[in-house]
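[1] Below is the sequence, then the predicted model.
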Amino acid sequence: MKARKTLVYTLKVLGVVAVVLLLATIIISNSSYVQNKIIGLATDAIKKELNAEVQIGHVDINLFGQRASVSDVVLKDQQNRDMLSVKEIWGNLRLLPLLRGRVVLKEFSVSDVDVLVVQPEKGPANYQFILDATKKDKKKKNSSVFQLDLRHALLKHLNVKYNDEQFQLEQAIYSFWRGKHKLTAHHLQTDVTKHMKKDTIAWHFDTGMVTATMDDDGKKRVDIKGLRIISDNHKPRRNTNRPHRGAYDRGHLDITADMGIDILHYGKDTLSARLANCCISDSVTGIDFKDVTTDIAVSGKRVHLSDLTIQQASTKITVPEGDIMLPEKKKGTSLQYRANNITARVMLKDISKPFAPVLKKFSIPLNLRVSLRGTNKGMTFRGIHVDTDDKKFVVNATGIMRNLDKGRDFTLHFDVHDMVAKPGIKDKIINQFTVKKYMMYQVYALGVIKYHGSFDILWRKEQFRGVLNTEKGDIDFDFQLDGNTHYLTGNANTDMLKLGELFELKRIGNIDCSATFSIDYSKKRTAEIRKEKGGKLPIGKVTADIRKVEYRKLPLKNILANIDSDGAVADGNITLKGSLTDLMVEFSFTNTTEMHKMKVKPKLKFRNMFAD
């Protein structure tokens, strides 16, 4: 009994001594002398370990509250530049491990961090000496008295200067709860200025909120919400006061995006991931991808995509597989890519706002199939097939795009191997456009139209050529749309066209002729003439050399014809040259659907038989 009392008394004394010692330790640890001593020991250790100059402004250790903080830390690189500056570092210390001589942090916080990274074109970066100094063998790492057992960490206000570029991070939060690691970064931002040949574009990037999670079973996922990309070239938008031009302008973008990515595997130079969901939009330009999904495999510079699906409002594009080879400066290789068997169900109105406002009511679904490959300089299209659901419109073609990197030298060329447009689809396609319709009767009267030829898209010009096969005859043509002058010019040739049936001119039969034409399609000039004269006709001139034509079943040869239209009235003349006389006919009409009612004035011109 006496021994038990002695033991209890001894324990009480030891408890009092422990409390006194703990209180003494807390008091001593918060004294300026101890803190200054700690600062000295810490700076000496860092200098010895990293061979770098370091400054620590203040250390605060609160054992009672199990907290420690360090403020005003500056680490200099070997050129004596402030490489790392931290306003405050705060940690939650676990007391029992500390009593055993080990420092264990459960919570950690860093605020107001400035980092300077200098990476010269030749030579090591300014932080390389730290990497070299921290290469230790595994035994030393295992014997470390410092241990992280983090449940929560916070980084606030990070500023990084990388050569001439600046990056800012609002905050990053790490947490570990019930076997799940979670890291959330808010608003990593940077501003970049790119100097182009014609533009200087200021780009702003903001990652929004990025959340990365990892479960104990190895599942990893990255979610991005509110990614934003803004560009500004400090010039008026390209479609300013030009409502018929698309709103897309790389100098004025405001893109937002949300996406979720499952990380399946990652290693050195390898990554396997799945883009589970992605939506991208720009309310100003009209870019709008409702959802993008794909599987991604990265190996070195090769990126392999499989099961890529792009969904717009009414358009869906599917790419079974594709490859992207990223450029390598050391090897002198450029960007390369390929994708085979692309299929799509396209509604052209989905691209109307950014690229072609004229298509804003184009609601006929088109089915597309194509394979492509290319580089940063050009692209080739193989096996292009386009059709409508009823197969009344079918196109098969190939194409090539050149000089993507040379602005005005850009060219886009397509060879149309065959095209078929059956009755019912031609007028339906034309009616998708909000433009004045001319010669619609003639379009219908041509019946089934077949075409093979080629066309080119150049700088402010489009050129078309080929052979048009119709039920009224075949036409060989070559014409161009000039965006500089706003004139449609070209020529056409036929050896047998049922002109009378086409224009309801019963007296005229088949015609063998060639013609040149120049049609004004300037909206401004046309509007002025329409305001002054009205009218339902195209504005322009046509000159025809009629080699042979049937008139009242009689063959006539060597006839010249001219038509000049001001939009309201078309005036024309026909001259049949003879050996002694020229038979001339003047005519006029105001509507192509009523040419059989046109006014005709015959004339006769005698040649001077006594001329030398």
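    Perfect, thanks for sending it.
[2] What number of neighbouring residues does the nearest residue to residue 209 once chain neighbours are set aside come out with?
    Leaving aside its chain neighbours, residue 209 sits nearest to residue 225 (4.8 Å; criterion: C-beta to C-beta, 6 or more residues apart in numbering). For glycine as for every other residue, the C-beta is placed from the backbone atoms N, C-alpha and C. Residue 225 has 14 neighbours, counted by other C-beta atoms under 10 Å.
[3] Show the pLDDT at residue 225.
    What the model reports as pLDDT for residue 225 is 97.
[4] That one is in what secondary structure piece?
    strand 220-232 (DSSP states H and E).
[5] and if you look at residue 531?
    Under the assignment here (DSSP H and E), residue 531 is part of helix 523-533.
[6] By average pLDDT, which secondary structure element in the protein comes out worst?
    Ranking every helix and strand in the chain by mean pLDDT, DSSP states H and E puts helix 2-29 at the bottom, with a mean of 43.
[7] that older thread, so which bits of the following helix or strand past the helix holding residue 531 are buried?
    On the C-terminal side of helix 523-533, the closest following helix or strand by DSSP H and E is strand 539-551. Residues of strand 539-551 classed as buried by neighbour count (16 or more other C-beta atoms under 10 Å): 539-542, 544, 546-547, 549-551.
[8] try stretch 208-216
    The neighbour-count check on stretch 208-216 (16+ other C-beta under 10 Å) flags 208-214 as buried.
[9] can you check stretch 369-389 too?
    Neighbour-count burial for stretch 369-389, counted by 16+ other C-beta under 10 Å, picks out 370-375, 378-379, 381, 384, 386-388.
[10] Roughly how far does residue 418 sit from residue 298?
    To residue 298, residue 418 is 41 Å away according to C-beta to C-beta, to the nearest Å.
[11] OK, contacts around residue 481?
    Residues near residue 481 by C-beta atoms under 8 Å, 6 or more residues apart in numbering: 461-463, 488, 521.
[12] should've said residue 362
    Here residue 362 is in contact with 347-349, 352, 432-433 (C-beta under 8 Å, 6+ apart).
[13] if you set the cut-off to 6 Å instead, what comes out?
    Residues near residue 362 by C-beta atoms under 6 Å, 6 or more residues apart in numbering: 348-349, 432.
[14] Please flag which of those residues sit within strands.
    Counting by DSSP state E, no part of the contacts of residue 362 is found in strands.
[15] Out of these, the closest to residue 254 would be?
    Within the contacts of residue 362, proximity to residue 254 (C-beta to C-beta) peaks at residue 349, which comes in at 21.9 Å.
[16] Helix, strand, or coil at the nearest residue to that closest one once chain neighbours are set aside?
    Distance criterion C-beta to C-beta, 6+ apart; nearest residue to residue 349, sequence neighbours excluded, is residue 362 at 5.0 Å. Classification of residue 362 by DSSP: H, G, I helix; E, B strand; the rest coil places it in coil.
[17] Any figure for the gap between residue 362 and residue 346?
    Counting by C-beta to C-beta, the gap from residue 362 to residue 346 is 10 Å.
[18] got it, and residue 293?
    Per C-beta to C-beta, residue 293 is found 18 Å from residue 346.
[19] How about residue 440?
    From residue 440 across to residue 346, the span is 25 Å (C-beta to C-beta).
[20] out of these two, which sits in the more crowded spot?
    Taking neighbours as other C-beta under 10 Å, residue 440 and residue 346 compare with residue 346 leading, 19 against 14.
[21] Show me what the more buried one bridges to in the sheet.
    Beta-bridge pairing of residue 346 under DSSP bridges involves residue 366.
[22] before we move on, what about residue 419?
    Beta-bridge partners of residue 419, counted by DSSP bridges, are residue 395, residue 451.
[23] With residue 273 instead?
    If you apply DSSP bridges, the partners that residue 273 bridges to are residue 263, residue 296.
[24] Contact partners for it?
    261, 263-264, 296.
[25] What is the nearest of those residues to residue 283?
    Using C-beta to C-beta, these come closest to residue 283 at residue 261, 24.3 Å.
[26] Quick check: the closest one is in a strand.
    Yes: assessed with three-state DSSP, residue 261 lies in a strand.
[27] which non-adjacent residue is nearest it?
    Of all residues not flanking residue 261 in the chain, residue 222 sits nearest, at 4.5 Å (C-beta to C-beta, 6+ apart).
[28] SS state for the residue nearest to residue 106 when sequence neighbours are not counted?
    Once flanking residues are discounted, residue 106 sits nearest to residue 92: 4.8 Å by C-beta to C-beta, 6+ apart. Local secondary structure at residue 92 is given as strand here, using three-state DSSP.
[29] Low-confidence bits of this structure, can you list those?
    Applying pLDDT under 70 to the chain flags residues 1-50, 62-66, 93-105, 134-149, 434-439, 578-583, 595-612.
[30] where exactly do the helices run in it?
    Remark: helices assigned in the chain by DSSP state H are 2-29, 32-50, 95-99, 128-133, 138-142, 352-355, 426-430, 440-445, 499-503, 523-533.
[31] re earlier: CSV for the contacts of residue 481, including neighbour count and distance to residue 337?
    Output for these, formatted as CSV (neighbours: other C-beta atoms under 10 Å; distance: C-beta to C-beta, whole Å):
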residue, neighbour count, distance to residue 337
461, 14, 28
462, 15, 26
463, 16, 28
488, 18, 36
521, 16, 37
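[32] Quickly check the residues you listed for the two that are furthest apart.
    Using C-beta to C-beta, the pair of these lying farthest apart is 463 and 521, separated by 15.0 Å.
[33] I would like the residues contacting the helix holding residue 531, please.
    Identification of contacts with helix 523-533 by C-beta under 6 Å, 6+ apart yields 567-568.
[34] pull the CA atoms of that helix into CSV?
    This file holds the C-alpha atoms of helix 523-533, laid out as CSV (Å, rounded to 0.1, in the frame of the first residue of the first chain):
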residue,chain,number,x,y,z
LYS,A,523,-24.2,45.2,-103.0
LYS,A,524,-23.5,48.9,-102.6
ARG,A,525,-23.6,49.6,-106.4
THR,A,526,-26.6,47.3,-106.9
ALA,A,527,-28.5,49.0,-104.0
GLU,A,528,-27.9,52.4,-105.5
ILE,A,529,-29.2,51.3,-108.9
ARG,A,530,-32.2,49.5,-107.4
LYS,A,531,-33.1,52.6,-105.5
GLU,A,532,-33.0,54.7,-108.7
LYS,A,533,-34.5,52.3,-111.2
